[in-house]
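Participant: Okay, structure incoming, though there's no sequence with it:
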């Protein structure tokens, strides 16, 4: 089984906590970075595995390349699987 990289739109799951001149960004109580408001626009500093594009925030994840790939351990000697 191999893993493929996939980019998930997590924008709807991101929450912010107001700090100095911006927000600390969280997904499920885990800090994923900050957005700072400047005269030049919003400046994003996101942790590794997260990225911002336009008004969206994405998470890079690894998913199985084969649909419904499952691990099966069969014990042929005792007749169960």
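Facilitator: That came in fine, so what should we check first? None of these values were measured; they are calculated from a predicted model.

Participant: Report the beta-bridge partner residues of the residue nearest the centre of the chain.
Facilitator: In the chain, the centroid-proximal residue (CA atoms, centre = their mean) is residue 59; its distance is 2.9 Å. Judged by DSSP bridges, the bridge partners of residue 59 are residue 8, residue 50.

Participant: Quick check: the gap between it and residue 7.
Facilitator: 7 Å (CB to CB, to the nearest Å). C-beta here means a position set from N, CA and C on the backbone, and glycine is covered the same way.

Participant: could you show me where the strands are in the chain, in order?
Facilitator: Taking DSSP state E, the strands of the chain run over residues 3-9, 14-19, 22-27, 30-38, 41-46, 50-53, 56-64.

Participant: out of the ones you listed, which comes closest to residue 74?
Facilitator: Residue 74 lies closest, by CB to CB, to one member of these: strand 56-64, at 20.0 Å.

Participant: What is that closest one packed up against?
Facilitator: For strand 56-64, the packing partners by 3 or more CB pairs under 8 Å, 6 or more residues apart in numbering; DSSP states H and E come out as strand 3-9, strand 50-53.

Participant: These: lowest mean pLDDT?
Facilitator: Among the helices and strands packed on strand 56-64, strand 3-9 carries the lowest mean pLDDT, at a mean of 91.

Participant: Run through the chain and note the low-pLDDT ranges.
Facilitator: For the chain, residues meeting the criterion pLDDT under 70 lie at 1, 68-73, 75-81.
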